[in-house]
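**Q** Need coordinates for the below:
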Amino acid sequence: MKNICLLGSTGYIGINSLRVIKDNQERYRIVALGAGKNIDLLLTQIKEFKPRFAAVINSDLANELKSRLNNTSNTEILYGTEGYIKIATLSDVNMAIAAMTGSSGLLPTFSAITAGKDVALANKETLVIAGSLLMSESRKMGINIFPIDSEHSAIQQSIQGHSREDLKRIILTGSGGPFMDLSIESLSKVTPEEALKHPNWSMGRKITIDSATMMNKGMEAIEAKWLFDVEMDQIDILLHPQSIIHSMVEYMDGSIIAQLAPTDMRIPISYALSYPRHLKGELPPLDLLDIGKLSFGKPDKKRFRCLDLALDAGKIGESMPAILNGANEIAVNAFLEGKIGFLQIPQVIEKTMEKHEVFPINSIDQAIEANQWAQSRAKKILEKMVGN
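**A** So this is what the prediction gives:
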């Protein structure tokens, strides 16, 4: 029986994680839930899974949640970063599922690792901001980081039973998002509503925009670098519109191992929780005859500038990936609010990166400082851009 703290319980990954846990109650128990602002859904989750603790983003929401529970639950309600850290480091928690959005997940995830908890990681931003620290601490504590992203889960499955010395390169696949074939002129006119319509996956708002700009794929490359201890130039990216091959690994002799699966996040979530086992699921089998063909293409980095910026940040290393992340969070939010156009997202990020003087990340405080500096700088750049 694994005792689980779920950080980000009301988001897309959190909801699907609870579906997996509900289907395997003999294996997993929810000890704590961490959510943001959606207390309506959290209230339902508390009543169903009866965690000992639940945490929300601030004291006002915590008080509202307590009032609505009206002494009908034994769940203790916490709030803020301190609340998330407390539930992630509970003594009886075996594993933390890190599914919070953006940089907000960094401290709770890092705290879980330093407390000796295995982590099922869906929050790629934590490795983008502080990958070296998280991997170093995980080795020091002797814990595992199991990826939930379908691409990294595919890579993890493709390296099982193979000598790591024989690994030549990692091939990340990406659908190309909703705008794979649009011209630059057309991209300049897309709306947030159009960008939120992903052709294959149903995801949260930020990650869906990151997919549309292909920033998500660049961040996944940085994440793969840390998770699998490879160099950035050992990672290639292929467009694969069908999203059936979730990623591949090529070996020195030219052989390529790929993982194929339906586009359902319950599969990588289940594998992260049950590693190295594959638990029985309720999904229909993958019908390759029905799919008919699998196609591949090369991403156009001129049209999807965010991808190139992310790969550059990964190669530069040190504080630059944190700068990329912080600036991206501000730019994506501005686009979703209708303040800037789609093609202005990479402009904000690039201008922020140009203003940054790279420094080593030797502590979690430095990682947070870099991310916050980028957010502040990006806001100033945004003000000038909108003002014009």
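**Q** My reading is that residue 303 lies in a strand. Confirm?
**A** No: per DSSP: H, G, I helix; E, B strand; the rest coil, residue 303 lies outside any strand segment and is coil.
**Q** Residue 287 versus that one, what's the distance?
**A** In this view, residue 303 and residue 287 are 33 Å apart by C-beta to C-beta, to the nearest Å. For the C-beta atoms, the positions are set from N, CA and C on the backbone; glycine is no exception.
**Q** Who has more neighbours out of these two?
**A** The neighbour count for residue 303 versus residue 287, taken as other C-beta atoms under 10 Å, is higher for residue 303 (18 against 9).
**Q** my guess is the more buried one contacts residue 188, does it?
**A** No: between residue 303 and residue 188 there is no contact under C-beta atoms under 8 Å: 10.6 Å.
**Q** In contact with residue 386, which residues?
**A** Residue 386 makes contact with 334, 339, 340 under the criterion C-beta atoms under 8 Å, 6 or more residues apart in numbering.
**Q** Quick check: phi and psi at residue 337.
**A** Per-residue torsions, residue 337: phi -90, psi 0 (degrees, to the nearest 10).
**Q** which one of the contacts of residue 386 is nearest residue 77?
**A** residue 334 (32.7 Å; C-beta to C-beta).
**Q** which SSE is the closest one in?
**A** helix 320-336 (DSSP states H and E).
**Q** Check which helices and strands that helix sits against.
**A** When contacts are defined as 3 or more C-beta pairs under 8 Å, 6 or more residues apart in numbering; DSSP states H and E, helix 320-336 sits against helix 124-141, helix 192-195, helix 205-213, helix 215-227, helix 305-316, helix 344-354, helix 364-387.
**Q** Mind doing that once more with 6 Å?
**A** When contacts are defined as 3 or more C-beta pairs under 6 Å, 6 or more residues apart in numbering; DSSP states H and E, helix 320-336 sits against helix 124-141, helix 305-316, helix 344-354, helix 364-387.
**Q** So what touches that helix?
**A** 102, 125, 128-129, 192, 206, 209, 215, 222, 310, 313, 340, 345, 348-349, 352-353, 356, 358, 367, 370-371, 374-375, 378-379, 382 (C-beta atoms under 6 Å, 6 or more residues apart in numbering).
**Q** what does stretch 140-154 give?
**A** 116, 118-122, 138, 172, 220, 227, 246-247, 259, 268-269, 271-272, 275.
**Q** Kindly report the same for stretch 65-73.
**A** Contacts for stretch 65-73 (C-beta under 6 Å, 6+ apart): 39, 43, 46, 77.
**Q** how does it look with 7 Å?
**A** 39, 42, 43, 46, 56, 77 (C-beta atoms under 7 Å, 6 or more residues apart in numbering).
**Q** Ok, which of the helices and strands packed on helix 320-336 comes nearest residue 4?
**A** Per C-beta to C-beta, nearest to residue 4 of the helices and strands packed on helix 320-336: helix 124-141, 17.8 Å.
**Q** List the buried residues in that closest one.
**A** 124-135, 137-138 (16 or more other C-beta atoms under 10 Å).
**Q** how about the helices of the stretch 1-150 of the chain, start to end?
**A** 12-23, 39-49, 59-69, 80-88, 106-114, 124-141, 150-159 (DSSP state H, counting those that start in this stretch).
**Q** The last one: how far from the chain's middle?
**A** Between the centre of helix 150-159 and the centre of its chain there are 14 Å (C-alpha atoms, centre = their mean, to the nearest Å).
**Q** Just the CA atoms of it, as CSV, please.
**A** Only the C-alpha atoms of helix 150-159 are listed here, as CSV (Å, rounded to 0.1, in the frame of the first residue of the first chain):
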residue,chain,number,x,y,z
SER,A,150,3.6,10.7,-21.6
GLU,A,151,6.9,11.5,-23.5
HIS,A,152,9.2,10.8,-20.5
SER,A,153,7.2,7.8,-19.4
ALA,A,154,7.7,6.4,-23.0
ILE,A,155,11.5,7.1,-22.7
GLN,A,156,11.6,5.4,-19.3
GLN,A,157,9.8,2.3,-20.7
SER,A,158,12.1,2.3,-23.7
ILE,A,159,15.3,2.2,-21.7
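**Q** Relative to residue 50, which of the contacts of residue 386 is nearest.
**A** Using C-beta to C-beta, residue 334 comes nearest to residue 50 of the contacts of residue 386, at 40.0 Å.
**Q** ok, that closest one to residue 323 distance?
**A** 17 Å.
**Q** which of those two has more neighbours?
**A** residue 323 (28 against 20).
**Q** and the nearest residue to residue 237 once chain neighbours are set aside, what are its phi and psi?
**A** Distances taken as C-beta to C-beta, 6 or more residues apart in numbering place residue 172 nearest to residue 237, at 5.0 Å, with adjacent residues excluded. Per-residue torsions, residue 172: phi -80, psi 130 (degrees, to the nearest 10).
**Q** Would you mark the buried spots in the helix holding residue 334?
**A** For helix 320-336, the buried set under the neighbour-count rule, 16+ other C-beta under 10 Å, comprises 320-336.
**Q** next one: stretch 150-168
**A** So, applying 16+ other C-beta under 10 Å, buried residues of stretch 150-168: 150, 151, 152, 153, 154, 155, 156, 157, 158, 159, 167.
**Q** Then stretch 232-239?
**A** 232, 234, 235, 237, 238, 239.
**Q** I'd like the residues you listed as a markdown table, with distance to residue 64 and pLDDT appended.
**A** Listed next are the buried residues of stretch 232-239 as a markdown table, based on distance: C-beta to C-beta, whole Å; pLDDT from 0 to 100:
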| residue | distance to residue 64 | pLDDT |
| --- | --- | --- |
| 232 | 45 | 98 |
| 234 | 49 | 98 |
| 235 | 45 | 98 |
| 237 | 44 | 97 |
| 238 | 47 | 97 |
| 239 | 45 | 96 |
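**Q** Dump those residues into TSV; add distance to residue 254 and secondary structure as well.
**A** Shown next, in TSV, are the buried residues of stretch 232-239 (distance: C-beta to C-beta, whole Å; DSSP: H, G, I helix; E, B strand; the rest coil):
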residue	distance to residue 254	secondary structure
232	22	helix
234	15	helix
235	18	strand
237	20	strand
238	17	strand
239	22	strand
